[in-house]
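A.B. asks: With the sequence up front, the predicted model follows.
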Amino acid sequence: MKNTITILIRLNIFFALLLCTCNNSNNKPVVIENIQQNDNKKNTDSTTADITDVDKNHKINGKNKEKYIFRYKFQIGDIFRWNVVHQLKIDTTIKGTNEIVETYSKSVKVWKVLEVTNDNVAKFEYWIDGVDTRKVQTGQDLVEYNSKRDNEIPKEFRVLEGTIGIPLAHFMIDIQGEIRRKIPLKIYSDESKENRIVIHFPNKELSVGDSWTVNLPVVDVQLHTNSNKTKKISAKQNYVFESLQTGIAKIKFDTQILTPIEPTIQAKVLDYYASGELTFDIDAGRIISQKISVDKTVVGFVEPNDSLHYISRLTECSCGLRSCEICSDKNNQSQDKKK
């Protein structure tokens with residue numbers, strides 16, 4: 001049981017803890033209760049389309065609809081600070097023994113544009129500003145770590161060691177959101193992945209209600225521990241341009257696994273069951289916020305009656321407004337009032 005839980009934690013928890021980063025906070029630990037369901041390969045689209053924001057009065061089925069081409073607009077020196085809140089709960093029952101792991105983290109991740117090429121490919125530098133995280137596990141004491149406060153990293157969060165406040169990687173991203181290249185500057189956990197600041201937009205114009213699909217990179221999943229046998233997993237993400245208000249587009253998405261897989265493999269690719277929504281500022285050419293969630297139960301992943309319930313809630317925002325629940329730093333606000 002302990003070994004299985006450890007494997008699941010390594011596969012499904014630490015990616016968020018490593019690359020979701022936080023402001024200095026003294027808030028009490030938050031534990032999830034009764035949460036309800038509430039590097040990319042090149043797509044076939046060309047990335048050489050002209051940047052056109054609006055083509056008004058375009059007729060579709062006899063009706064006038066405004067058409068938009070979604071493109072990112074990056075400039076040298078741009079800095080994107082993403083405030084992140086992540087909640088995770090893994091409820092596992094193996095051979096009749098139940099164990100629950102819950103984590104909470106509030107964080108800030110930073111992306112800075114170092115250069116932009118003539119063909120509109122931006123070079124980003126990525127780093128972590130800090131991390132404040134807590135973990136509760138059945139039969140164990142609460143574990144906390146705040147990188148701005150604590151000198152020693154608990155063993156539960158040792159994967160964070162040597163990753164805070166220093167450049168971790170460079171990314172080459174084009175105006176359609178394709179990640180052309182990732183250049184690691186430091187070795188950090190292979191089980192971790194960066195939260196995205198882009199999605200891949202299609203080459204065509206879009207009206208409210210239109211949809212498009214992006215194929216995800218094929219991944220090799222290890223079938224058994226200490227085995228070299230793997231299974232290739234294919235998946236795609238489906239996007240819908242749901243609405244537009246004052247230049248801010250709301251886009252919803254879900255993920256579909258295309259490869260038939262058994263419960264043992266399902267338990268290792270739980271992030272591929274993600275769905276959510278994001279907001280995109282058409283004039284500014286950037287994503288402002290996103291919410292990503294997974295609520296998946298897998299039965300029989302070890303033995304027939306074993307079960308795993310995985311719940312993840314990731315909320316990110318880069319608006320920077322103090323009125324924003326995610327971007328506001330309540331501690332700093334309190335200190336400002338005292339002054």
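C.D. replies: Good, I have the coordinates.
A.B. asks: Measure how buried the nearest residue to G300 once chain neighbours are set aside is and give me the count.
C.D. replies: For G300, ignoring the flanking residues on the chain, the nearest one in space by CB to CB, 6 or more residues apart in numbering is P263 at 4.6 Å. Quick note: C-beta positions are derived from backbone N, CA and C, even for glycine. The number of residues packed near P263 is 15, by other CB atoms under 10 Å.
A.B. asks: Average pLDDT for the longest strand anywhere in the chain, rounded please.
C.D. replies: In the chain, with assignment by DSSP state E, the single longest strand is strand 97-116. If you average the pLDDT over strand 97-116, you get 95.
A.B. asks: Same check on stretch 243-252?
C.D. replies: The pLDDT scores in stretch 243-252 average 96.
A.B. asks: buried set for that stretch?
C.D. replies: Buried residues in stretch 243-252, counted by 16 or more other CB atoms under 10 Å: 244, 249-252.
A.B. asks: Now tell me what touches that stretch from outside.
C.D. replies: Residues outside stretch 243-252 that contact it (CB atoms under 8 Å, 6 or more residues apart in numbering): 68, 70, 199, 208, 239-242, 275-283, 288.
A.B. asks: and the gap between the residue nearest to G300 and L168?
C.D. replies: Distance of P263 to L168, given as CB to CB, to the nearest Å: 34 Å.
A.B. asks: Excluding chain neighbours, give the residue nearest to E178 in space.
C.D. replies: In space, E178 is closest to H200, 5.6 Å off (CB to CB, 6+ apart).
A.B. asks: Quick one, grab the pLDDT at the one you found.
C.D. replies: Looking at H200, its pLDDT reads 96.
A.B. asks: Quick check: which ranges of the stretch 201-339 of the chain have low pLDDT?
C.D. replies: Low-confidence segments of the stretch 201-339 of the chain, defined by pLDDT under 70: 329-339.
A.B. asks: who does the residue lying closest to I292 once chain neighbours are set aside bridge with?
C.D. replies: Leaving aside its chain neighbours, I292 sits nearest to G276 (4.0 Å; criterion: CB to CB, 6+ apart). Counting by DSSP bridges, G276 is bridged to F253, I292.
A.B. asks: Report pLDDT for the residue sitting nearest the centre point of the chain.
C.D. replies: In the chain, the centroid-proximal residue (CA atoms, centre = their mean) is N195; its distance is 3.5 Å. At N195, the model reports a pLDDT of 75.
A.B. asks: Report the secondary structure state of it.
C.D. replies: At N195, secondary structure determined by DSSP: H, G, I helix; E, B strand; the rest coil is coil.
A.B. asks: shouldn't it be in contact with V85?
C.D. replies: No: with contact defined as CB atoms under 8 Å, N195 does not count as touching V85 (11.5 Å).
A.B. asks: which strands and helices sit next to the longest strand of the chain?
C.D. replies: Applying 3 or more CB pairs under 8 Å, 6 or more residues apart in numbering; DSSP states H and E, we find strand 97-116 packed against helix 2-12, helix 14-19, strand 79-94, strand 121-137.
A.B. asks: which residues touch A122?
C.D. replies: With contact set as CB under 8 Å, 6+ apart, A122 has these partners: 72, 74, 113, 115-116, 172-174.
A.B. asks: Name the nearest of those residues relative to S307.
C.D. replies: Among these, I173 lies closest to S307 (CB to CB), at 39.2 Å.
A.B. asks: Was I right to think the closest one contacts I183?
C.D. replies: No: look at I173 against I183 with CB under 8 Å: they stay out of range, at 12.0 Å.
A.B. asks: More neighbours: these two, which one.
C.D. replies: It is I173, of I173 and I183, that has more neighbours when counted by other CB under 10 Å, with 24 against 10.
A.B. asks: Check which helix or strand the more buried one maps to.
C.D. replies: Per DSSP states H and E: I173 is located in strand 167-174.
A.B. asks: in the helix or strand that that strand is followed by, what's buried?
C.D. replies: Later in the chain than strand 167-174, the nearest helix or strand by DSSP H and E is strand 179-184. By neighbour count on 16+ other CB under 10 Å, the buried set for strand 179-184 is 179-180.
A.B. asks: For strand 179-184, C-alpha coordinates in CSV please.
C.D. replies: In CSV, the C-alpha atoms belonging to strand 179-184 read as follows (Å, rounded to 0.1, in the frame of the first residue of the first chain):
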residue,chain,number,x,y,z
ILE,A,179,6.0,25.6,-28.3
ARG,A,180,8.8,25.2,-30.9
ARG,A,181,11.5,24.2,-28.5
LYS,A,182,12.3,23.8,-24.8
ILE,A,183,15.8,24.4,-23.6
PRO,A,184,16.4,23.2,-20.0
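A.B. asks: by contact count, what packs against that strand?
C.D. replies: Contact here means 3+ CB pairs under 8 Å, 6+ apart; on that basis strand 179-184 packs against strand 167-174.
A.B. asks: Before I go, just wanted to say thanks for your time.
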